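> Just to be clear, the model below is a prediction. Sequence and coordinates:
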Amino acid sequence: MLNIGCHLSSSKGYMNMAREALSIGASTFQFFTRNPRGGAAELVDEADCAEFNTFSKENGISVILAHAPYTINPCAARPEVMEFALQTMADDLRRLEYVPGNMYNFHPGSHVGQGSEEGAKKTAATLNAVMWADMQTTVLIETMAGKGSEIGATFREVRDIIDRAEIPDKLGVCLDTCHVFDGGYDIAGNLEGVLEEFDRVIGLERLKAIHINDSKNPLGSRKDRHEVIGGGNIGLEAFGRIVNHPALRELPFYLETPNDLDGYKREIELLRGLQRS
Ligand code: FE
Ligand code: FE
Ligand code: ZN
C-alpha cells in the first residue's frame with residue numbers, strides 16, 4: 001500500500017501528530033521542527049518521544065519527515081544569517097536523536113548574488129558543521145523551484161552539495177513534484193526522462209522521499225505555489241504515473257497541498273486508489 005502522509009502541526013508533540021495521522025489513514029507524516037517564522041523550538045519532551053517511538057512501530061507508522069524552518073538560509077552571504085542556520089539545524093538534529101531513524105528535510109538556500117557554485121559550497125559547509133558520523137537521522141536536500149536566487153533547482157546543484165559533503169552516507173534527496181515542475185523538469189509529460197536525468201546526475205539511490213504537490217503554475221515558471229492534487233498543471237494522470245513508477249512507488253510520500261485534515265484524508269485515498277497492486 002502507498003506509504004503516504006501529509007504535513008501536520010507539531011505544536012502538540014509527536015503522539016498528537018501520530019494519532020492525527022492515523023485518523024486520516026496516513027502511514028507517515030511531516031512536520032516543522034519549529035515555527036518557521038521564528039521563535040525557539042519547544043523543549044524536547046522525552047516522554048512524548050519515547051511513547052511515539054513505540055507507538056509508531058506498533059501502529060505501522062513508517063519513517064517520518066522533520067522539515068527545517070524554511071526561513072533559514074544555509075548559504076547566506078551575511079555571517080550572522082549563516083550562523084543562525086547553523087545553530088538551528090544543529091539544534092534540530094540533536095533533538096531528532098530522541099526519535100531515531102527518521103529524516104530531516106531542508107531547503108538548500110538562496111545564494112543572494114554569490115552565485116550558485118558559492119551557494120553549494122556554503123550549504124555543504126553548513127551540513128559538514130552540523131552532521132556527525134554516527135547520527136541516526138538521514139538529512140535530505142529538497143529540490144527547489146528556483147524562485148529568486150534559490151539553489152537546488154537543478155539536479156546538478158544538488159549534486160554539487162552532495163559532492164562536498166563529508167558524511168555522504170547520511171545524506172539523501174527529497175523530490176518535491178511542484179518544485180521540480182516549476183524548475184523546468186517535465187514530470188507531467190516525461191517522468192521517465194526526468195528520473196533518468198536524476199539518476200545520471202544525482203543517483204536514484206539518494207532519493208529518499210517525495211513531496212507530492214500539484215502546481216498552480218506552468219512548467220518552468222520558477223514560482224513554487226502548491227495546488228491540490230489534480231487541481232494544477234501537473235494533473236491527476238501524471239500523479240497516477242508517479243505513484244506507480246517502480247523507482248518511486250516504495251518511497252514515503254508527503255502531501256504539502258493547501259488542505260485541511262479532511263482534504264488530506266481525501267487526497268490520501270485518491271492517491272492510494274491510483275496505485276496498482
Ligand atoms: Fe520544503
Ligand atoms: Fe516541499
Ligand atoms: Zn514549495
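Ah, there it is. Ligands and ions are numbered 1, 2, ... in the order given.
> chain center to the top helix by length along the chain: distance?
Longest helix of the chain, by residue count under DSSP state H: helix 79-96. Relative to its chain's centre, helix 79-96 lies at 17 Å (Cα atoms, centre = their mean, to the nearest Å).
> same for it, what does it pack against?
Under the contact criterion of 3 or more Cβ pairs under 8 Å, 6 or more residues apart in numbering; DSSP states H and E, helix 79-96 touches strand 103-106, helix 116-130. Using the backbone N, CA and C atoms, a C-beta is placed for each residue, glycine as well.
> Mind giving me the packing neighbours of the first one?
Using 3+ Cβ pairs under 8 Å, 6+ apart as the contact definition, the elements that strand 103-106 packs against are strand 65-67, helix 79-96, strand 138-142, strand 171-176, strand 207-212.
> The first one packs against which elements?
Helices and strands touching strand 65-67, by 3+ Cβ pairs under 8 Å, 6+ apart, are strand 28-32, strand 103-106.
> Would you mind putting those strands into JSON lines with mean pLDDT, mean neighbour count and distance to ligand 2 alongside?
What follows is the helices and strands packed on strand 65-67, written out as JSON lines (pLDDT from 0 to 100; neighbours: other Cβ atoms under 10 Å; distance: least, Cβ to the ion, whole Å):
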{"stretch": "strand 28-32", "mean pLDDT": "97", "mean neighbour count": "23", "distance to ligand 2": "9"}
{"stretch": "strand 103-106", "mean pLDDT": "98", "mean neighbour count": "24", "distance to ligand 2": "7"}
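> thought residue 211 was touching residue 181?
No. At 11.4 Å, residue 211 and residue 181 do not qualify as touching, with contact defined as Cβ atoms under 8 Å.
> With neighbour numbers in mind, choose between those two.
Set side by side, residue 211 and residue 181 show more neighbours around residue 181, with 28 against 25, by other Cβ atoms under 10 Å.
> for that one, what are its contacts?
Contacts for residue 181 (Cβ atoms under 8 Å, 6 or more residues apart in numbering) come out as 187, 188, 215, 219, 233, 234.
> So what does the second one have for phi and psi?
The main-chain torsion angles of residue 188 are listed as degrees, to the nearest 10 and equal phi -80, psi -50.
> list the contacts for it?
Counting by Cβ under 8 Å, 6+ apart, residue 188 touches 181, 219, 233, 234, 235, 238.
> Model confidence for the residue lying farthest from the centre of the chain, exactly?
The outermost residue of the chain relative to its centre, with distances by Cα atoms, centre = their mean, is residue 47 at 26.3 Å. On pLDDT, residue 47 comes in at 96.
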